[in-house]
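A.B. asks: Take a look and give me a structure for this.
(2 chains)
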Number of protein chains: 2
Amino acid sequence: MKRSTGASRRRSGPGVWAIIGLAVLATGLGWAAGCGSAPEIVSKVASGDTDAVIAARGLTPDDVYAAVKTFVPTGQKDDYVMFSSGGHSGQVFVIGVPSMRLLKVIGVYTPEPWQGWGYSDETRAVLAGGNVRGKEINWADTHHPALSETGGEYDGEWLFINDKAQARVAVIDLRDFETKQILNNPITTSDHGGTFVTPDTEWVIEGGQYAAPLGTAYASIDKYAEEYRGMVTFWKFDRQAGRIDPDRSFAMELPPYWQDLCDAGKLVSDGWVFCNSFNTEMATGGIEEDNPPFEAGASQRDMDYLHVIDLKKAEELVAAGETVTVEGMKMLPLDVSAANGVLHFVPEPKSPHGVDLTPNGEYLVISGKLDPHVTVFSFEKIRQAIADGAFSGTDDYGVNIVDFDAALEKQIELGLGPLHTQFDDKGYAYTSLFLDTAVARWSLGGKSAGSHGDPDWTLIEKIPVHYNVGHIVAAEGDTVSPDGGYLVALNKWSIDRFLTVGPLHPQNFQLIDIAGTGESMKLLYDMPIGVGEPHYVQMIKADKLKAWEIYPEIGWNPLTQSKDEHAVMIGEEKVERRGNTVEVWMTAVRSHFTPERVNVRKGDNVIWHITNIESAKDATHGFALPGYNYNLSLEPGESTTIEFEADLGGVFTYYCSEFCSALHLEMVGYFLVAP
Amino acid sequence: MKRSTGASRRRSGPGVWAIIGLAVLATGLGWAAGCGSAPEIVSKVASGDTDAVIAARGLTPDDVYAAVKTFVPTGQKDDYVMFSSGGHSGQVFVIGVPSMRLLKVIGVYTPEPWQGWGYSDETRAVLAGGNVRGKEINWADTHHPALSETGGEYDGEWLFINDKAQARVAVIDLRDFETKQILNNPITTSDHGGTFVTPDTEWVIEGGQYAAPLGTAYASIDKYAEEYRGMVTFWKFDRQAGRIDPDRSFAMELPPYWQDLCDAGKLVSDGWVFCNSFNTEMATGGIEEDNPPFEAGASQRDMDYLHVIDLKKAEELVAAGETVTVEGMKMLPLDVSAANGVLHFVPEPKSPHGVDLTPNGEYLVISGKLDPHVTVFSFEKIRQAIADGAFSGTDDYGVNIVDFDAALEKQIELGLGPLHTQFDDKGYAYTSLFLDTAVARWSLGGKSAGSHGDPDWTLIEKIPVHYNVGHIVAAEGDTVSPDGGYLVALNKWSIDRFLTVGPLHPQNFQLIDIAGTGESMKLLYDMPIGVGEPHYVQMIKADKLKAWEIYPEIGWNPLTQSKDEHAVMIGEEKVERRGNTVEVWMTAVRSHFTPERVNVRKGDNVIWHITNIESAKDATHGFALPGYNYNLSLEPGESTTIEFEADLGGVFTYYCSEFCSALHLEMVGYFLVAP
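C.D. replies: Numbering: from 1, shown residues only, chains lettered A, B, ... in the order given. Have a look, this model is predicted:
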């Protein structure tokens, strides 16, 4: 065989063959060429015939209004950011408002290889924190994200989110939008009323859902009233450490009602916590044995119990050692809470799905989903009733029940299936109506009366949504000073709103303009959600977020948020063998790994340190190791270490899995595992 | 303890307490209430002051044009659907055009619990098809999606996608948008030039990437030229079965160049396949030993080799038994292909990233990314040169090299870093320019000359994009009759285009209006991609897709696309014990599972059949089994079976993880695992 010269001939073609040295493609220059220089011929970008487009596409004046209200031109930024639970995707979605664009999916409970989440040893260790009795569980049902607060305002620093399926909570650092901690609640199997935070984020609240024997115990369903229990857990957040401290956290034993959503008190009600419940009937199902199914059995009584918790008093009892320990978790026994006035009940219309405090902390809005009203309690009246001992009795577990009339401020009829309430800056409240498939605007009154000019405590307007709305979110709607302007309806079904993409349809987030007063709500935008099933969302002003564009220092470890002791700098690259251990120190930079060859023997223990030594924004490198189930996402400055047994013999090419430069495909090396 | 009457008191509140029976919440009626009835007070949805919004938001006339061009009003549908690779997310993204909304993420190589992908036994079995030498690999680096074609037109039936990291291919059924098959190529470790299909989808093409010893063999890097090999594989697609048939598939051994993208011939070139390559230098890296790094070593020669494959002739040789078998895979040896004229090379400007056939199949556009030109070869000239034996020599492996001048039609200078070319309906071609960070519009000539009035083979216009564009996609741009109208630039970096969401930034898909002629391209929309790193996309006319809205029959098994033998109908629900095996037959319907209690003993083998007996669109039920890592997504009609050992004792609540009705939270049952 003879190598021909044909293939190495230089062709000039019709023009002059440009001399493009490798230099222009290398670090720094490649970036500059990519982002700084303008092409010779630039499109004129004429304005085009806008009216002709409107006519051709059949847009109505309302459509045009919605289009210009939501369109964010290239290079400009959204005003708000929504953090949305991903439901049973196990993740968190980051969405810009008003454009309703998905900016990022944050890997939380489910491995996600694009961001390397669960495909490096360090991220696997975070996921392993959520193991259930030592068993790896690699999905979750995330429900309620909670932004950290300072003085009742979102501060943009941390995000918490629960897993309903396995009673877990996670901590996300909003400097790098990465999950730092996952904890499994050892005393129960499901949660729903979490996460919520107290106004200065001392506590992350996790309310339970389905009652079960505490810890890992087994009890027959016939022993439901005696052996099954509900719970609420207060996780102590250490802002300095950026972690929840389980040793300073505690749970409260609750009756085996099914606790639902919670909300923390604020301002006048600071120090108190409120949780809904349903199935105070203590139905245990069994449709197959001619029992009422849960849907009927848990809906027999007209009232369930709002749980009113004096958190400060609970803290005192915990400090005084009044807890028992269940599976390593401190827990306030139910009788202690009941006897010491930590826990009271207020009757609430049955099967509620939301308890929401008005921004001033004075009123609690309850949506009993089988009652067409929202019920508004006064915190001041509840506190007074407790002080006065105005109880209508106790429940089966000895908890005092506050008289309904003593607590009630108002009931307002809104429509069918009220679920969840948000607030704006003008004194309006907004409540989702699942069965009406609408959002109601209504006016607050009393100490929350607004400046909008509408009468107090009155339904003002309903706007249809598409379809079956669950939660809603308004801009900064959970804070002590909501912004108004935008509201998003989190609709569970989309049915006919989008192209059919198979029998599993996306959900539909609908953006609603709530800037006006009176009857003025406008539907602006339909956003399909085809990557999970969100339950609740919080919406923060974008300028409160101070995320890092690159890591602060070359060699950064995102888990410790400090420089890694094994960071590899230029010139420190090497491969060392010690017995059966091969240790690799590697750097990554456009467009090569150093070293490019790693030779080991099958069965060797391999320790591999990798540092992305880039400091340019967006210059992420991947590190894919085929056959070994590793895929790292190394953002500029990031360093990590993986350790594994070379159990698969043969030749593998590790490569950069993030398209980083013109010579990205050449950013590769050979991992040779000799027999 | 005494139960108080307070909690069961009925409150009428300020209005009349509505009697809402359970009936209105149940199956059917719940749906009707959710979707059919209008609220009493409907928002007037005034048009608002559009001009005031434009002024307040500072929108330019171009911005308004882009807004009305891309906005899709509620209830209306997008015109096109893009199927995008998810890069190292391992998934496929489904995106509507022109709204640029993410309609769905399809789980392919990576488990995704919202859709139950990898969280049921049947989907785990599909994923296990992609095991690498028996090892579970739960991520992938998807690169090139290919829609099935009939007569060179997308037919909307199937989608194929590769995994670069592990040399795998997957088959997705576009009736339900679910992955049906994953296959691991046993002869190599990485691919890149796939998937592409022949004009009637007889073959799914998977081109290799980094050369390695064939099969699972080990060879020292010093034996590169002798022992390492490239490959291209032709997977036989059985449209009737909806599966690739490995037994009728075959690979071709290729020299250890790094094969890159491929394209199938069509019309005049039907029956031929073309693949780029780079690193014909056979560089082996080793920067740590003062060798040139791959980025330099693989860029030393001015020309690499376009691989020209006569697929019909290859099929004949395979039928004649001229193959060898490597790890169970039929393979045409390199010397057989070379000697029989199956494989020829054409010199191509170095390190190309794209070979793209014009819609008529006549011209091949090559982008050598280190050359400012695109190089256009004529298929007719190549065929003639082969017939004439107009070779300039052979390579080291005996493959004939077609004379460059004999194959060349034209070279057109476009700019820095050309990568990939698409076509429209007017005779324009569009080429991405990575280093210019722009898209070039240029005119075809010869047999592809268009009606646009611009001169042939000429650069017409460049439009800047943001930033570092990789591939581009035009509407139906890979077919024999592209639609024009829209083009999307798949930009690798977004840098300053979106809010900062941590050091890992989204990519940026930019929609460009290409409807006009001459210098008229307009940037319309920036779509952040924060859920993966797409490489290539295909865009199909939406009305070609005929996806199911629900499954065709109650009891459907999506894996077999037929009724499941274990489908459970109403009245057939039961729990049976046989020795240590407990078998459950369960139905799911709004708002209950039947049965609601399943009692087993620790260590029992549990077989659980579940059928969603709904036939209403969007009435999906989840089935979450906490602690056991199951989360099923049961779309209307779907049936599945899981089988597991009850290895975790205690009490667990299985529940519907998809918010299905007002009484969704009550759709739950107890799984009791006695000691």
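
A.B. asks: shouldn't A:H353 be in contact with A:T421?
C.D. replies: No - under the criterion of Cβ atoms under 8 Å, A:H353 is not in contact with A:T421, lying 10.2 Å apart. All C-beta atoms are positioned from the backbone trio N, CA, C, and that covers glycine.

A.B. asks: Quick check: neighbours shared by these two?
C.D. replies: A:S367 (Cβ atoms under 8 Å, 6 or more residues apart in numbering or on different chains).

A.B. asks: Between these two, point out the one with more neighbours.
C.D. replies: Counting neighbours by other Cβ atoms under 10 Å in any protein chain shown for A:H353 and for A:T421 shows that A:T421 has the greater number, 27 against 24.

A.B. asks: strand partners of the strand or helix carrying the more buried one, parallel vs antiparallel please.
C.D. replies: Assigned by DSSP states H and E, A:T421 belongs to strand A:418-423. Strand A:418-423 has the following strand partners under DSSP bridges: strand A:428-433 (antiparallel).

A.B. asks: Where do the helices of chain A begin and end?
C.D. replies: Assigned by DSSP state H, the helices in chain A fall at A:29-35, A:50-56, A:61-70, A:121-128, A:224-227, A:294-297, A:311-319, A:334-339, A:379-388, A:404-407.

A.B. asks: what's the closest of the ones you listed to B:P213?
C.D. replies: With Cβ to Cβ as the criterion, B:P213 lies closest to helix A:121-128 of the helices of chain A, at 28.4 Å.

A.B. asks: which outside residues touch that closest one?
C.D. replies: A:107, A:109, A:111, A:116-118, A:136, A:138, A:179-182, A:557-559, A:640-643.

A.B. asks: distance between that helix and the chain's centre?
C.D. replies: 18 Å (Cα atoms, centre = their mean, to the nearest Å).

A.B. asks: Could you export the strand holding A:T421 as PDB, CA atoms only?
C.D. replies: Listed next in PDB are the C-alpha coordinates belonging to strand A:418-423 (Å, rounded to 0.1, in the frame of the first residue of the first chain):
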ATOM      1  CA  PRO A 418     -60.800  26.400  45.500                       C
ATOM      2  CA  LEU A 419     -57.200  25.200  46.100                       C
ATOM      3  CA  HIS A 420     -54.600  27.800  46.700                       C
ATOM      4  CA  THR A 421     -54.300  31.600  47.200                       C
ATOM      5  CA  GLN A 422     -51.700  34.200  46.300                       C
ATOM      6  CA  PHE A 423     -51.500  37.900  46.900                       C
END
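
A.B. asks: would you list every one of the strands in the stretch 301-450 of chain A?
C.D. replies: If DSSP state E, counting those that start in this stretch is used as the criterion, the strands of the stretch 301-450 of chain A fall at A:303-310, A:324-326, A:329-332, A:343-349, A:352-357, A:363-368, A:373-378, A:391-394, A:400-402, A:408-413, A:418-423, A:428-433, A:438-443.

A.B. asks: pLDDT (mean, whole number) over the longest one?
C.D. replies: This means strand A:303-310. Averaged across strand A:303-310, the pLDDT comes to 98.

A.B. asks: and that strand, anywhere near chain B?
C.D. replies: Yes - applying Cβ under 8 Å from any Cβ of the partner chain, one finds strand A:303-310 touching chain B at A:303-305.

A.B. asks: sorry, back to before: quick one, which of the helices of chain A gets closest to B:Y257.
C.D. replies: helix A:29-35 (24.3 Å).

A.B. asks: contacting residues around the spatially closest residue to A:D79 that is not a sequence neighbour?
C.D. replies: When the adjacent residues along the chain are set aside, A:D79 lies closest to A:A542, with 5.8 Å between them (Cβ to Cβ, 6 or more residues apart in numbering or on different chains). Shown in contact with A:A542 (Cβ under 8 Å, 6+ apart): A:77-81, A:96, B:499.

A.B. asks: so how far does stretch A:332-342 reach from one end to the other?
C.D. replies: Length of stretch A:332-342, first residue to last, Cα to Cα, to the nearest Å: 10 Å.

A.B. asks: try stretch A:95-108
C.D. replies: Distance between the two ends of stretch A:95-108: 16 Å, counting by Cα to Cα.

A.B. asks: Tell me which residues touch A:W457, please.
C.D. replies: Neighbour list for A:W457: A:376, A:410, A:412, A:442-446 [criterion: Cβ under 8 Å, 6+ apart].

A.B. asks: quick one: contacts for the residue lying closest to it once chain neighbours are set aside?
C.D. replies: Of all residues not flanking A:W457 in the chain, A:G445 sits nearest, at 4.2 Å (Cβ to Cβ, 6+ apart). Contacts for A:G445 were tallied using Cβ under 8 Å, 6+ apart; they are A:410, A:456-457.

A.B. asks: ok, back up a step: which of the strands of the stretch 301-450 of chain A has the lowest mean pLDDT?
C.D. replies: Looking over the strands of the stretch 301-450 of chain A, mean pLDDT reaches its minimum on strand A:352-357, with a mean of 93.

A.B. asks: any idea which of the residues of strand A:303-310 next to chain B is closest to B:S85?
C.D. replies: Nearest member of the residues of strand A:303-310 next to chain B to B:S85, counting by Cβ to Cβ, is A:D304, at 49.0 Å.

A.B. asks: For that closest one, the count of nearby residues, please.
C.D. replies: Using other Cβ under 10 Å, A:D304 has 28 other residues around it.

A.B. asks: cool, and A:S562?
C.D. replies: For A:S562, the count of nearby residues is 12 (other Cβ under 10 Å).

A.B. asks: so who does it touch?
C.D. replies: A:W556.

A.B. asks: do the same with A:V336
C.D. replies: A:317, A:322, A:342.

A.B. asks: Can you name the residues that contact the last one?
C.D. replies: This points to A:V342. A:V342 neighbours (Cβ under 8 Å, 6+ apart): A:252, A:309-310, A:313-314, A:317, A:332, A:336.

A.B. asks: just the first one next, same as before
C.D. replies: By Cβ under 8 Å, 6+ apart, the residues touching A:L317 are A:323, A:332, A:336-337, A:340, A:342.

A.B. asks: Would you mind measuring from it to A:V346?
C.D. replies: For A:L317, the distance to A:V346 equals 21 Å [Cβ to Cβ, to the nearest Å].

A.B. asks: quick one: which of the contacts of A:L317 is nearest to B:E666?
C.D. replies: When the contacts of A:L317 are compared against B:E666 (criterion: Cβ to Cβ), the nearest one is A:S337, at 26.5 Å.

A.B. asks: The closest one: neighbour count?
C.D. replies: For A:S337, using other Cβ under 10 Å, the count is 27.

A.B. asks: thought it was touching A:E253?
C.D. replies: Yes - counting by Cβ under 8 Å, A:S337 does reach A:E253; the two are 7.3 Å apart.

A.B. asks: can you list contacts of stretch A:567-578?
C.D. replies: So stretch A:567-578 is in contact with A:554-557, A:582-587, A:594-595, A:598-599, A:609-611, A:613, A:639, B:288, going by Cβ under 8 Å, 6+ apart.

A.B. asks: change it to 10 Å
C.D. replies: Under the criterion Cβ atoms under 10 Å, 6 or more residues apart in numbering or on different chains, residues A:553-557, A:582-589, A:593-595, A:597-601, A:604-613, A:637-641, B:287-288 lie in contact with stretch A:567-578.

A.B. asks: circling back to that earlier point, report the set of residues contacting both of A:S337 and A:E253.
C.D. replies: Common contact partners of A:S337 and A:E253 (Cβ under 10 Å, 6+ apart): A:232, A:331, A:343, A:397.

A.B. asks: Count the residues that sit near the second one.
C.D. replies: In this case it means A:M331. 23.

A.B. asks: swap in the first one?
C.D. replies: Burial measure for A:V232: 28 neighbouring residues, criterion other Cβ under 10 Å.

A.B. asks: Many thanks, we can stop here.
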